[in-house]
Every structure is written in C-alpha cells, then in structure tokens.
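Student: Got a sequence here, can you model it:
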Amino acid sequence: MAGHSKFANIQHRKGAQDKKRASMFTKIAREIQAAVKLGGADPNANPRLFRAMASGRAVNMPKDNIQRAIDKGSGAGTEQLDEIRYEGFGPGGIGVIVECLTDNKNRTAGEVRSAFSKHGGNLGESNSVSNSWRKVGEVRYALPVASEDAMLEAAIEAGADDCVVEGEHHVITCEMNALGGVAQDLAKKFGDAVSAKFVWRTDIAIPIEGEAAETLMKLLTQLDDLDDVQDVYSNEDISDEEMARLSA
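Tutor: Model prediction:
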C-alpha cells in the first residue's frame, strides 16, 4: 500500500498564481453552493459541504467567500447548478473526463466541445471513457504535513486502500462510502486536507510524448481554465524528461 504514482490521473493546474487562486476559489464556491442546495447549510449534517468548506480553508479561501457561497446556495431563487460529465479523447487516444457545475448547459457544452476540437480531440458518448475507470474517494495533503511513513500509517489506521505521493501531495484513496470516515480521521491528525472528494481513477496509462503531449497539455489546461469545469482527469503517462520539457 505504499509507493509513488507518476502522472496518470493528475489534475492539471497551470497559469499565473493570481489567476490560479481566483479560479480555484470560484470552483470551490460553486461546489459549496451546490452542496448546500442539495444537502442543506449545516456542514455537520452535510458531508459534501463539510469537505468543500475544508478544501476552501486548506487553500486560505477567505471566510467571507465561503459564507457568501453558503448564503447563495441557501437563498430562495438561487441559480440552479447542474452537474454534468463529459467524456472524450485527446491527442494520442488519451481518455479525458471533464466534470462540470453549470447554470447554462448549452454554454458549457459549447466551450468543452470547442476545447477538444481546437486541440485535436473529440467528445465521446457517455461512458466511452469512464467504462474502464472507477470512482473512488480521494484525500490530498501537502507533502510537508507529514512524512510518507507517518501518512501511510495514518491512512491504514483510517481504513484507506492506498497512499502514494503524486507531485506535491500525499494522495490517499478509499472506497466512496468510506471517504467521510477516512477524511475525518486524517483531519484529526493533520488538519484540513487540500481536498477530499470523489475522483475518477484508472489503471490504464497511455504513453505520450513530443508534439502530441504538448497539444494534450494545452487541451487539459484550456479545459481546466473554464469557469464551469470543476475537475479534469486524464490517463496519460509522460516520462520525467518529457514533463520537464513541457514545463520549461
């Protein structure tokens, strides 16, 4: 249950820091709003809201922003946010899953379709990608929070299935129905997680390099920068050398 995962299923966060923070706050605020709309404004009785608020605190989202999102989700006549999943294929046959929260399905569909078309990809039918993936619970902590051994031990005690290092994070995964308990147990030891949510995972990683890898990164970045997009998942396998080149 230990080890390092390279680049499969990474979430792509690029761009200037200010823009990155603003985009992150917007996505968390929408998740808070949707959670309140579905399950009420009490985080102790609404696990999805509890996780979203914890994610906001972990990235220093201002308390006023969090409260405004809660109020917006609670208010009468608040905008309806629909959860939509798009699936498609990028350059090199890389599978891509895009999860969105939107108040305008037509706008979101057009923006997602345009991103795929612009970068040599195409949208697929429902389950065209996810049929070979699985949805699991995932908790992320920044590396400085604990040593690998300490996080692994805590993850085992909390009932998680796996604990690896991905980039700058400890990544703990578990069954979907175990996420609440695992996240709460880890929070008692390490404080708020960077994120605690359901994610898509697959064991099928497809090698990609050169121009195709560069185009794929542009696609994933454009998708991730869309306001309506909450998360982007992909199953590329890029070598350390190639990733360094792309990041230069």
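Student: Let me know the secondary structure of W200.
Tutor: strand (DSSP: H, G, I helix; E, B strand; the rest coil).
Student: contacting residues for it?
Tutor: With contact set as C-beta atoms under 8 Å, 6 or more residues apart in numbering, W200 has these partners: 9, 97, 130, 133-135, 233. To be clear about C-beta, it is placed using only N, CA and C from the backbone, and glycine gets the same treatment.
Student: What's the separation between it and A187?
Tutor: Per C-beta to C-beta, to the nearest Å, W200 is found 23 Å from A187.
Student: Also C100?
Tutor: Taking C-beta to C-beta, one finds C100 at 28 Å from A187.
Student: of these two, who's got more company?
Tutor: C100 (24 against 18; other C-beta atoms under 10 Å).
Student: Where does that one fall, secondary structure wise?
Tutor: strand 95-102 (DSSP states H and E).
Student: counting contacts, what elements does that strand pack onto?
Tutor: Applying 3 or more C-beta pairs under 8 Å, 6 or more residues apart in numbering; DSSP states H and E, one finds that strand 95-102 contacts helix 17-39, strand 82-89, helix 105-118, helix 210-225, strand 229-234.
Student: what's the closest of those to K72?
Tutor: helix 17-39 (5.2 Å; C-beta to C-beta).
Student: quick check, distance from the closest one to the centre of its chain.
Tutor: Chain-centre distance of helix 17-39: 12 Å, with C-alpha atoms, centre = their mean, to the nearest Å.
Student: any weak-confidence spans in the protein?
Tutor: Scanning the chain for pLDDT under 70 picks out the ranges 1-19, 76-78.
Student: E31: what's it in contact with?
Tutor: Contacts of E31 by C-beta under 8 Å, 6+ apart are 48, 52, 55, 101, 230.
Student: Identify, from those residues, the entry nearest to V139.
Tutor: Nearest to V139 among the contacts of E31, with distances taken as C-beta to C-beta, is S55, at 10.3 Å.
Student: Nearest residue to that closest one in space, ignoring adjacent ones along the chain?
Tutor: S195 (4.8 Å; C-beta to C-beta, 6 or more residues apart in numbering).
Student: From what I see, that neighbour and A142 are in contact.
Tutor: No - S195 is not in contact with A142 according to C-beta atoms under 8 Å; the separation is 10.8 Å.
Student: Please identify which of these two sits among more neighbours.
Tutor: S195 (23 against 13).
Student: Break this structure into its domains for me.
Tutor: 17-74, 82-128+206-247, 132-201 (automatic domain parsing).
Student: End to end on the longest one, go ahead and measure it.
Tutor: Taking C-alpha to C-alpha, to the nearest Å, the span from the opening residue of domain 82-128+206-247 to its closing residue is 34 Å.
Student: can you give me how far it is from the chain middle?
Tutor: 13 Å.
Student: Test of understanding: give the bridge partners of the residue nearest to the spatial centre of the chain.
Tutor: In the chain, the centroid-proximal residue (C-alpha atoms, centre = their mean) is D231; its distance is 4.3 Å. D231 has these beta-bridge partners by DSSP bridges: E99.
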